[in-house]
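>>> Just need the structure, nothing else, for what follows:
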Amino acid sequence: MNVRLAPKTTRAAEGLPRRPFSVADVEAMVRAGLMSEDERIELIGGELVPMSPKGIRHEVLKSALNLYWGERRPKSCSFVPETTLRLSLDTFLEPDFVVYPREVGLANIKGENVLLVVEVADTSRRYDLGRKSKLYASFGVRELWVIDALKSTTRVFRQPSATGYAEAKDFTASEPLVPAFAPSEFTLRLDELEQP
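Modelled structure (predicted):
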């Protein structure tokens, strides 16, 4: 017997006004059991947006970064993988890593007080380099790294504005990635990461 599941997204209301959700609405839906706590979504301008599935290259690279930074992190900073970065009342994103000053605390991180956001792109490369980078910039994230898990290259974004980043520079796997705002312990070369 074939069971057909309803799609996770619809297009029936395309062009029509929608009821926007807030971060608090989404958190209430999770508490009420209407949404799974680990459902892969982001909230952008009040609209729920499903995230791309993670490929194995994404998971391998993310695990390598987690191990590398976990061994080197200075006491002044914390980093957290796959956290909900609440940017406004109606927008949250789910970056792969957020580096922030320890005294800020996880509950208080915002776009303007994070030191570095890292996205590992596999199936989401176009979105991460385009729409998502503009969202981070518009909320004051000072530095964003989008690491291409397929090509082992990185685009580093700096100098955020309301419309995007003024600076974007590409790096190969053999070039050092040196953060402008996070401590030097977060410097790395992709080709030197140990694969888990």
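
>>> Which residues are in contact with the most centrally placed residue in the chain?
By CA atoms, centre = their mean, the mean C-alpha position of the chain lies nearest to P95, the distance being 1.6 Å. By CB atoms under 8 Å, 6 or more residues apart in numbering, the residues touching P95 are 82-83, 85, 117-119. Bear in mind the C-beta positions are built from the backbone N, C-alpha and C, glycine included.

>>> and the helix or strand of the chain with the lowest mean pLDDT, what other elements does it pack with?
Lowest by mean pLDDT, DSSP states H and E among the helices and strands of the chain is strand 41-44, with a mean of 78. Packing partners of strand 41-44 (3 or more CB pairs under 8 Å, 6 or more residues apart in numbering; DSSP states H and E): helix 23-31, strand 47-50, strand 91-93.

>>> of all these, which lies closest to E37?
helix 23-31 (5.3 Å; CB to CB).

>>> who does that closest one touch, helix- and strand-wise?
Partner elements for helix 23-31 (3+ CB pairs under 8 Å, 6+ apart): strand 41-44, strand 91-93.

>>> looking at this, the residue nearest to the centre of the chain is in a strand?
No - according to DSSP: H, G, I helix; E, B strand; the rest coil, P95 belongs to no strand; its state is coil.

>>> Grab the nearest non-local neighbour of it.
Leaving aside its sequence neighbours, P95 sits nearest to V117 (CB to CB, 6 or more residues apart in numbering; 4.8 Å).

>>> Please apply the same query to P196.
With CB to CB, 6+ apart as the criterion, P196 has its nearest non-adjacent residue at 4.5 Å, and that residue is S63.

>>> quick one: pLDDT of E14?
With respect to pLDDT, E14 has a value of 68.

>>> Low-confidence ranges, the chain, go.
Confidence mapping of the chain against pLDDT under 70 gives the ranges 1-14, 16.

>>> Show me the strands in it, by range?
With strands called from DSSP state E, the chain shows them at 41-44, 47-50, 77-81, 85-88, 91-93, 97-101, 116-121, 143-148, 153-161, 164-171.

>>> Can I get those in TSV including distance to H58 and mean neighbour count?
Below are the strands of the chain laid out as TSV (distance: least, CB to CB, whole Å; neighbours: other CB atoms under 10 Å):
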stretch	distance to H58	mean neighbour count
strand 41-44	16	19
strand 47-50	16	15
strand 77-81	12	18
strand 85-88	18	19
strand 91-93	16	21
strand 97-101	12	22
strand 116-121	5	25
strand 143-148	9	24
strand 153-161	14	19
strand 164-171	18	14
